[in-house]
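Participant: Have a look at this fold, sequence not included:
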């Protein structure tokens, strides 16, 4: 029974970390659209596109709405290089359709992780398990493993972001239509590699911050449990220094 309790504790911890990771992605992408405005200014996107900031932000809002399924088709007519036209071409639409599939798939995984978390907690409660001990311990182990993976990924990104970025696309896409020509494609001019690097850093900061907060909570919960255990001696039936 104890082993099963720890298994469900680990399942709950893994689910919580997964929920936090996907939520970090969503928050970084959607919580504050001024981030995109600052990125466009940083990388001088307006000069490359010959567009006004309001028009670029309009395209951005519509594109992000499409990624989360709020638009049926990625088509945005605006003024580019002094000509009113559709900002996106067919290659853009094909690739972003695949990106949308990844994003919506991530949200579905988060919903499944929430179910796993809820079921695991309910089972542990039904078994009257020591939640503070099991959840604190299993979460700390999970964070330790996650920390190693994050460290390795961070080293790779810091050394050669382009190589990591390329490998990501090769893993998740079975074609080369994610390769764009800046001379012909507006979307890649709006989304330079530096913007993706900054977004990865933003996601990582949110994720690590969430992990740290939960880690501190797990330590405090473990200490509180230890204090409660020390205050009760079942042999002498003493609690808090006084006879029961």
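Facilitator: Now that the structure is in, tell me what you want to look at. No experiment lies behind these values; they were computed from the predicted model shown.
Participant: which residues in the protein form helices?
Facilitator: Counting by DSSP state H, the chain has these helices, from start to end: 2-30, 34-42, 45-49, 53-67, 90-126, 131-159, 161-172, 186-190, 193-230.
Participant: Any buried residues in the third one, and which?
Facilitator: It refers to helix 45-49. Residues of helix 45-49 classed as buried by neighbour count (16 or more other C-beta atoms under 10 Å): 45-46, 49. All C-beta atoms are positioned from the backbone trio N, CA, C, and that covers glycine.
Participant: which helices and strands does it pack with?
Facilitator: In terms of contacts (3 or more C-beta pairs under 8 Å, 6 or more residues apart in numbering; DSSP states H and E), helix 45-49 is packed against helix 53-67, helix 186-190.
Participant: I would like the residues contacting stretch 74-83, please.
Facilitator: Counting by C-beta atoms under 8 Å, 6 or more residues apart in numbering, stretch 74-83 makes contact with 49-52, 55, 58-59, 62-63, 66, 84-88, 92-93, 96-97, 186, all of which sit outside it.
Participant: Tell me which residues are up against stretch 206-218.
Facilitator: Residues outside stretch 206-218 that contact it (C-beta under 8 Å, 6+ apart) are 16-17, 20-21, 23-24, 27-28, 135-136, 139-140, 143, 146-147, 150.
Participant: Report the two of the residues you listed separated the most.
Facilitator: Set against one another by C-beta to C-beta, the contacts of stretch 206-218 have their most distant pair in 28 and 136, with a gap of 27.9 Å.
Participant: which one of the two has more residues nearby?
Facilitator: Between residue 28 and residue 136, counted using other C-beta atoms under 10 Å, residue 136 has the larger neighbour count: 23 against 20.
Participant: State whether the more buried one and residue 222 are indeed in contact, as I suppose.
Facilitator: Yes. In this structure, residue 136 is within contact of residue 222 by C-beta atoms under 8 Å, at 4.2 Å.
Participant: Against residue 84, how distant is the closest residue to residue 55 other than its chain neighbours?
Facilitator: Leaving aside its chain neighbours, residue 55 sits nearest to residue 78 (4.7 Å; criterion: C-beta to C-beta, 6 or more residues apart in numbering). Taken as C-beta to C-beta, to the nearest Å, the spacing of residue 78 relative to residue 84 amounts to 7 Å.
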